[in-house]
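Participant: Just a sequence and a predicted model for now, questions to come.
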Amino acid sequence: MNVSTICGSLAATIMILPGLALAQTSAVVMDGAADAAYGNAVALQDTNTEFGDASTGLPNFCNGSEIDGLYVLVEDGYLHLLIAGNLEDNFNKLEIFVDSIPGEGQNPILGNNPDIDFNALATMGEYVDPETGELQPGLTFDAAFVPDFWMTFTGGAVGPKKARVYDTYCSYSRLLTGGGSEADAGGAGPGTSGSEGVLVLDNGIEAAIDNSNIDGVIGGPDLNVDGGAGVSTGIEIAIPLTVLDYNAGDDIGVSVMVNGSGHDFLSNQMIGGLGGSGNLGFPRFVNLDVIPGDQFVTIAGEGGGGEDDCPADFDGNGVVNGADFGSLLAKWGVCGECQEDLDNDQQVSGSDVGAFLAAWGECPESEDGCGDCNVGQSNSLGCSDSECQDAICADDVFCCTIGWDSSCVSKATSGNYAECDCP
């Protein structure tokens, strides 16, 4: 894989913290810019754009489409995505596919999904030519990526040239295993750019854009390793985890790509990158599984969560506190095998509250002398082992002032700090 990823992995990976509250975090402002809470980009573009190199520098009207990088934050019940780059004001489409439910979804995209945004999914999906009987297979992803949710964002100039305005639109649909027009779907618009133009959909999804980037990749099909570095504005999306039917501990896969205005011509801009490539063309005939590398990013769900010696620490930060209590309340009632069910009776009830309160406070130190310093936590300052934390923050103040992200984890697990005994 040619895309730059954190920790040098083949598919960019960050860790989910499953301590969820009931409202969106104030650390993220929906405006199309990556707030400090996002930390560093989890993946960068490696291919120059053949959909126009953006150069206008305006927050709305833009003359090119590019995906320079991807920022991810899972916090307070939302999956936050900042797709750094630009979207041309000709109603090019940003397609976002999410794989959040193990064992469900579609790969390839089928032809019997809801008719949303001018039948976008049918345009990208499987089709049998009625005259020839030819099977046109539908957009095919890497074998390990089976999306069960799709959404699209677009924007463009409307009205007379001298008085034109910039309008944005957003649509979504569940991708049911086997397809089906009854899948939940919807859309919203128009909005506009910046925080004043945020789109809010009926299921709680929010979307915003800041088109002002003029950096990142340049025009052309050539390989440009880390070409998207330094870009922190673009299209920002917040999806409630409940919309994704996400269960704490599961992985989430995300694939994003730029498509033509009719959802009918895939560019060479996607995350993960293509390793240098021209535009891909009609989506129905594109098979990403035959392209080297992963054209998706994995957000690993094993991060966070109470360990055996501290099961009430649902967010894995070494402390049982109010954030964990919020997670417990959010799971109240029958919950199957959720981690908040401390007495393992298949429901969260008063007995679990008693067990939770008995565990309140600092968790016991782990035997490895590391605490949770080997877990990425971009929304937490420092980690639970104070000696390891202090040693790393003396060299990298970011880890204790902005967030304990993947670079801090790399330091903790490098073996270069005697204070850190992290596996």
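Facilitator: Cool, got the structure.
Participant: and the gap between the residue nearest to Ala391 when sequence neighbours are not counted and Cys393?
Facilitator: Take Ala391 and drop its neighbours on the chain: the residue closest to it by CB to CB, 6 or more residues apart in numbering is Glu419, 4.2 Å away. For the C-beta atoms, the positions are set from N, CA and C on the backbone; glycine is no exception. From Glu419 over to Cys393 the distance is 11 Å, taken as CB to CB, to the nearest Å.
Participant: quick revisit: just the pLDDT at the residue nearest to Ala391, thanks.
Facilitator: You'll see Glu419 listed with a pLDDT of 85.
Participant: do Lys162 as well
Facilitator: Listed pLDDT for Lys162 reads 78.
Participant: Wait, a helix at it?
Facilitator: Yes: judged by DSSP: H, G, I helix; E, B strand; the rest coil, Lys162 forms part of a helix.
Participant: That one - how many residues pack around it?
Facilitator: Using other CB atoms under 10 Å, Lys162 has 5 other residues around it.
Participant: burial count for the residue lying closest to Asn86 once chain neighbours are set aside?
Facilitator: Nearest residue to Asn86, sequence neighbours excluded (CB to CB, 6+ apart): Ala54, at 3.8 Å. By other CB under 10 Å, the residues close to Ala54 number 27.
Participant: Same question for Asp129.
Facilitator: Around Asp129 there are 9 residues (other CB under 10 Å).
Participant: Repeat that for Ile237.
Facilitator: Ile237: 27 neighbours (other CB under 10 Å).
Participant: Gly57 too?
Facilitator: Gly57: 11 neighbours (other CB under 10 Å).
Participant: The one 3 residues further on too?
Facilitator: Counted with other CB under 10 Å, the neighbours of Asn60 add up to 22.
Participant: So it: helix, strand or coil?
Facilitator: coil.
Participant: Surely it and Pro190 touch.
Facilitator: No: counting by CB atoms under 8 Å, Pro190 is not a contact partner of Asn60; they are 11.8 Å apart.
Participant: Pull the contacting residues for Asp343.
Facilitator: 351-352, 355 (CB atoms under 8 Å, 6 or more residues apart in numbering).
Participant: list the contacts for Asn86?
Facilitator: By CB under 8 Å, 6+ apart, Asn86 lies in contact with 54, 62, 64-66, 211, 213, 234.
Participant: In JSON lines: the residues you listed, plus pLDDT.
Facilitator: Rendered in JSON lines, the data for these read as follows (pLDDT from 0 to 100):
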{"residue": "Ala54", "pLDDT": "97"}
{"residue": "Cys62", "pLDDT": "97"}
{"residue": "Gly64", "pLDDT": "98"}
{"residue": "Ser65", "pLDDT": "98"}
{"residue": "Glu66", "pLDDT": "98"}
{"residue": "Asn211", "pLDDT": "98"}
{"residue": "Asn213", "pLDDT": "98"}
{"residue": "Gly234", "pLDDT": "98"}
